[in-house]
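please work out how this folds:
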Amino acid sequence: MTLVAEIVTFTLTDGTTPEAFVKLSQTTETFVRSAPGFTHRQLSQGEDGRWTDYVIWRDMQAAQDAAAQFPQQDFAAALMAAIQTDSVQMRHENVLWNMTA
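You can find the predicted model right below:
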């Protein structure tokens with residue numbers, strides 16, 4: 001079984017604070033946690049202001065299914081309104097090595 005990393009990078013819209021965006025992101029927790037194949041997620045912000053949402057899925061099908069269902073969720077409109085649409089880059093990659101503490 002090959003785990004799949006869903007890596008989404010983006011920039012926030014003007015006026016959206018990091019604190020407000022983290023709260024918006026937390027509204028997705030129930031959906032993501034209950035999605036079949038979810039294993040891990042982290043959200044980070046770089047010094048350049050770009051954000052990365054990094055989600056690990058059991059396999060590519062689980063990642064693709066969740067990505068397809070995400071836009072239809074109640075929280076999606078508010079979350080996407082906080083993100084500069086033209087800044088979004090999303091990709092799925094096979095996890096070839098994983099190291100934990």
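
contacts and neighbour counts: CA atoms only from here.
OK.

from Met99, how far off is Met90?
Counting by C-alpha to C-alpha, to the nearest Å, the gap from Met90 to Met99 is 23 Å.

and the contacts of stretch 3-18?
49-60, 63, 81-84, 87-95 (C-alpha atoms under 8 Å, 6 or more residues apart in numbering).

kindly recompute the last result at 6 Å.
When contacts are defined by C-alpha atoms under 6 Å, 6 or more residues apart in numbering, stretch 3-18 is touched by residues 50-60, 82-84, 87-95.

show me which of the residues you listed are buried.
Among the contacts of stretch 3-18, those classed as buried by neighbour count (16 or more other C-alpha atoms under 10 Å) are 51-60, 82-83, 92.

looking at the residues you listed, which is nearest Glu19?
Ranked by distance to Glu19 (C-alpha to C-alpha), the buried ones among the contacts of stretch 3-18 are led by Ala82 at 11.8 Å.

what separates that closest one from Ala20, distance-wise?
When C-alpha to C-alpha is applied, the distance between Ala82 and Ala20 equals 9 Å.

next up, the contacts around Ala66.
With C-alpha under 6 Å, 6+ apart, Ala66 has no contacts at all.

that one - that's part of a helix, no?
Yes. Ala66 sits within a helix when classified using DSSP: H, G, I helix; E, B strand; the rest coil.

if we can go back for a sec, from the contacts of stretch 3-18, which land in helices?
When helices are assigned by DSSP state H, the members of the contacts of stretch 3-18 inside them are Met60.
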